[in-house]
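# build me a model:
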Amino acid sequence: MSTEVTTPQAALERPPHVSMRVTVGKVLCVVVPPIIWFTPLQIEPVARHALAITSFMLLAWITEAMDYALAGLIGCYLYWALNVAPFNVAFGGFATDTPWFLLGAFLFGTMATKSGLARRVAILVTQRVGNTYSGILLGLIITDFLLTFIVPSGVARIVIMAALALGLLEAFDMGPGSNVARGMFLIITYSAGLFDKMIIAGASSITARGLIERAGGVQVLWSKWFLAYLPCSVITILAAWRLTLWLFPPEKAVLADDGNYVRNEIRQIGPWSPMEKKAAFFAFVAMALWLTDFVHGIAPSIIGLGVGLCAVLPVVGVLTIEDMKRLNYLPVFFVATAISMGDVLVRSKGLDLLTNVIFDWMEPLLTNVFSSTLVLYWTGFVYHFFLASEISMLATSMPLLMNFAKSHGLSPLVLGMVWSFSAGGKIFVYQSAVIMVGYSYGFFEGKDLLRIGLCLTLVESLILLLLVPYYWPLLGIQ
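Residues are numbered from 1 along each chain as shown. The predicted model follows:
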């Protein structure tokens with residue numbers, strides 16, 4: 001999403017298909033909003049009208065009846081044009097830092113990919129883990145985690161890692177249907193989406209951070225988020241490695257070519273190029289500033305966009321204006337419109353009504369930190385079944401959750417972090433664009449994803465049961 005990548009040919013050749021969900025969504029987007037608009041409900045007209053327009057946006061996002069950004073822009077326009085909210089509120093999300101943080105992340109990822117820095121990191125890590133299936137599998141997971149810092153797009157990381165995995169499969173002399181192929185492609189696909197939640201890098205975590213700050217009224221530091229999930233990252237790397245070895249034991253434990261493929265790749269990438277050195281410098285600066293934001297107080301969005309724009313500067317940078325023209329800006333618009341929707345709902349009092357309907361059933365279950373963590377995590381996991389995008393899941397639910405937290409005296413930061421992390425648990429291909437891209441290579445099936453997805457989702461929930469009550473309070477998250 002953030003970089004110009006080449007998707008597998010199988011995905012490109014697949015004929016367009018309009019699913020029943022999309023067809024039903026288009027009908028509902030036309031029928032439901034007027035019903036809510038004109039039905040004489042016992043609520044204020046402004047709140048009713050805001051909910052009517054919001055229903056159009058939510059239905060379009062949930063069913064994918066149209067592009068997310070287009071649906072969001074139409075909704076914001078209707079808020080303004082129909083006098084539901086003034087222009088500065090209807091399009092207020094564009095004046096927040098979240099969408100521009102996302103743009104900076106896109107530029108950051110493009111820089112790392114174009115310069116070759118991301119591929120070099122992948123090859124160097126693979127070189128260190130040996131020529132066994134077990135070692136290579138661990139190397140792929142670690143590489144996926146490290147690339148999250150410099151390529152903040154799961155789809156782009158899949159393409160980078162898939163190119164490496166295809167070469168390794170050839171070196172193993174293994175093809176589709178083998179456990180080696182299924183294990184390698186499953187783990188690079190699943191971990192690409194999972195690590196995005198542990199670091200404020202991908203679109204979903206950037207969106208979650210912005211909504212927690214905007215709707216929850218609390219500051220979210222990049223360093224605190226990273227430290228909060230650091231133990232989870234380490235445990236997840238080891239758990240994903242062992243689970244994959246257990247579920248997909250290799251037919252062949254050692255590379256058939258005795259590691260020649262990796263050595264050839266090292267020779268091909270050659271010495272560090274000036275462009276790679278520049279990209280590495282920018283990456284180091286950004287990481288250093290993000291990790292110390294609790295000292296200097298510079299917002300992560302300022303750092304991310306600043307580094308991204310530096311990468312485009314003539315002579316100094318890595319990117320050109322042509323690279324910027326090829327970027328997909330629609331996700332930036334979508335995030336901005338999602339934040340605008342929350343602002344309109346707050347101003348119109350429609351948010352209070354939705355919160356009472358959707359989240360009040362949870363209140364009796366939130367008796368202590370353990371039950372609260374489990375209820376939030378597994379509710380978010382199930383809620384994600386009904387939305388084909390984790391970003392739309394967070395955009396449609398996070399403002400409501402933040403309102404619920406504030407009205408019940410709960411911590412918006414804790415609830416928001418647990419809820420956003422629950423978006424990482426997936427068991428179906430349709431739940432994430434990252435998984436759809438990995439699946440399109442044809443090396444694993446839906447049942448394979450179901451097996452490892454359920455296991456890792458359970459593992460993540462158990463990790464949270466330790467982190468939230470015992471570790472997070474040490475960081476001031478309680």
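
# residue contacts, the nearest residue to L211 once chain neighbours are set aside?
Nearest non-adjacent residue to L211, counting by Cβ to Cβ, 6 or more residues apart in numbering: M398, 4.0 Å away. Quick note: C-beta positions are derived from backbone N, CA and C, even for glycine. Counting by Cβ atoms under 8 Å, 6 or more residues apart in numbering, M398 makes contact with T207, A208, L211, I212, A215, G342, G416, W419, S420.

# repeat for P176
So P176 contacts G442, F443 (Cβ under 8 Å, 6+ apart).

# from M184, how far out is it?
Look at P176 and M184: by Cβ to Cβ, to the nearest Å, they are 11 Å apart.

# what is in contact with these two at once?
By Cβ under 8 Å, 6+ apart, the residues touching both P176 and M184 are F443.

# circling back to that earlier point, I477: which of the contacts of M398 is nearest?
Proximity of these to I477 (Cβ to Cβ) peaks at G416, which lies at 10.4 Å.

# residues near that closest one, how many?
Around G416 there are 25 other residues, counting by other Cβ atoms under 10 Å.

# from A395, how far off is it?
For G416, the distance to A395 (Cβ to Cβ) stands at 13 Å.

# need the residues touching each of those two.
Residues touching both G416 and A395 (Cβ under 8 Å, 6+ apart): L211.

# list the buried ones in stretch 244-251?
Neighbour-count burial for stretch 244-251, counted by 16 or more other Cβ atoms under 10 Å, picks out T244, L245, F248, P250.

# tell me the mean pLDDT for the helix or strand containing W246?
Element membership of W246, judged by DSSP states H and E, is helix 222-247. For helix 222-247, mean pLDDT is 92.

# list the contacts of the following helix or strand past it.
Counting by DSSP H and E, the element after helix 222-247 in chain order, helix or strand, is helix 260-269. Where contact means Cβ under 8 Å, 6+ apart, the residues beyond helix 260-269 that reach it are 116, 119-120, 123-124, 126-127, 131, 164, 167-168, 170-171, 255.

# thinking again about what came up before, of the buried residues of stretch 244-251, closest to I452?
T244 (6.8 Å).

# got a list of what that closest one touches?
L137, G183, L186, I187, I452 are the contacts of T244 under Cβ under 8 Å, 6+ apart.

# gap between the helix or strand harbouring the first one and the chain center?
Counting by DSSP H and E, the element that carries L137 is helix 133-150. Offset of helix 133-150 from its chain centre (Cα atoms, centre = their mean, to the nearest Å): 18 Å.

# which other helices and strands contact it?
Helix 133-150 sits against helix 98-115, helix 117-128, helix 154-172, helix 179-198, helix 222-247, helix 274-291, with contacts defined as 3 or more Cβ pairs under 8 Å, 6 or more residues apart in numbering; DSSP states H and E.

# could you dump the ones you listed to a markdown table with distance to N83?
Shown next, in a markdown table, are those (distance: least, Cβ to Cβ, whole Å):
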| stretch | distance to N83 |
| --- | --- |
| helix 98-115 | 25 |
| helix 117-128 | 48 |
| helix 154-172 | 39 |
| helix 179-198 | 38 |
| helix 222-247 | 39 |
| helix 274-291 | 41 |
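
# right, and those - which one's nearest I477?
Comparing the helices and strands packed on helix 133-150 by Cβ to Cβ, helix 222-247 comes nearest, at 5.9 Å.

# now the angle from the closest one to helix 274-291?
When axes from the mean of the first three to the mean of the last three Cα atoms, to 10 degrees is applied, the directions of helix 222-247 and helix 274-291 differ by 110 degrees.

# out of the contacts of T244, which one sits closest to H49?
Set against H49, the nearest of the contacts of T244 by Cβ to Cβ is I452 (45.4 Å).

# that closest one reaches L243, doesn't it?
Yes. I452 lies in contact with L243 (Cβ atoms under 8 Å); the separation is 6.1 Å.

# more neighbours: which of the two?
The residue with more neighbours, out of I452 and L243, is I452; 23 against 19, by other Cβ under 10 Å.

# so Y133 touches I187, yeah?
No. Using Cβ under 8 Å, Y133 is not in contact with I187; the gap is 11.6 Å.

# D360: neighbour count?
12.

# repeat for V234
As a burial measure, V234 scores 12 neighbours (other Cβ under 10 Å).

# quick check: it vs I452, distance?
Following Cβ to Cβ, the distance that separates V234 from I452 is 19 Å.

# taking the contacts of M398 one by one, which sit in helices?
If you go by DSSP state H, those have T207, A208, L211, I212, A215, G342, G416, W419, S420 in helices.

# could you pick out the one among the residues you listed with the lowest pLDDT?
On pLDDT alone, G342 ranks lowest of the ones in helices among the contacts of M398, at 81.

# please name the nearest non-neighbouring residue to I74.
Using Cβ to Cβ, 6+ apart, the closest residue to I74 is F56 (7.4 Å).

# buried residues in the helix or strand hosting the one you found?
Taking DSSP H and E as the criterion, F56 maps to helix 45-63. By neighbour count on 16+ other Cβ under 10 Å, the buried set for helix 45-63 is 46-63.

# where's the residue nearest to the spatial centre of the chain relative to L194, distance?
Compute the mean C-alpha point of the chain, and by Cα atoms, centre = their mean the closest residue is S204, 3.5 Å away. Separation of S204 from L194 (Cβ to Cβ) stands at 11 Å.

# kindly report the same for Y133.
Distance, Y133 to L194, using Cβ to Cβ: 21 Å.

# who has more neighbours, these two?
Using other Cβ under 10 Å, the more surrounded residue of Y133 and L194 is L194, with 28 against 25.

# kindly check the end-to-end length of stretch 310-324 for me.
This stretch, stretch 310-324, spans 12 Å end to end (Cα to Cα, to the nearest Å).

# average model confidence for that stretch?
Across stretch 310-324, the average pLDDT comes to 86.

# can you list the buried residues in it?
For stretch 310-324, burial by neighbour count (16+ other Cβ under 10 Å) applies to C310, A311, V312, G317, V318, L319, D323, M324.

# who touches the closest residue to G416 other than its chain neighbours in this structure?
Nearest residue to G416, sequence neighbours excluded (Cβ to Cβ, 6+ apart): I212, at 3.9 Å. I212 sits next to V218, V220, M398, M402, P412, L413, G416, M417, S420 when contact means Cβ under 8 Å, 6+ apart.

# just checking, the fifth one touches A405?
Yes. P412 lies in contact with A405 (Cβ under 8 Å); the separation is 4.4 Å.

# what is in contact with the two at once?
G216.

# returning to that earlier point: V295: which of the contacts of I212 is nearest?
V220 (16.1 Å).

# mind checking the SS state of that closest one?
Using DSSP: H, G, I helix; E, B strand; the rest coil, the structure places V220 in coil.

# gap between the nearest residue to it once chain neighbours are set aside and L147?
Once flanking residues are discounted, V220 sits nearest to R209: 4.7 Å by Cβ to Cβ, 6+ apart. Plainly put, R209 is 20 Å away from L147 if you go by Cβ to Cβ.
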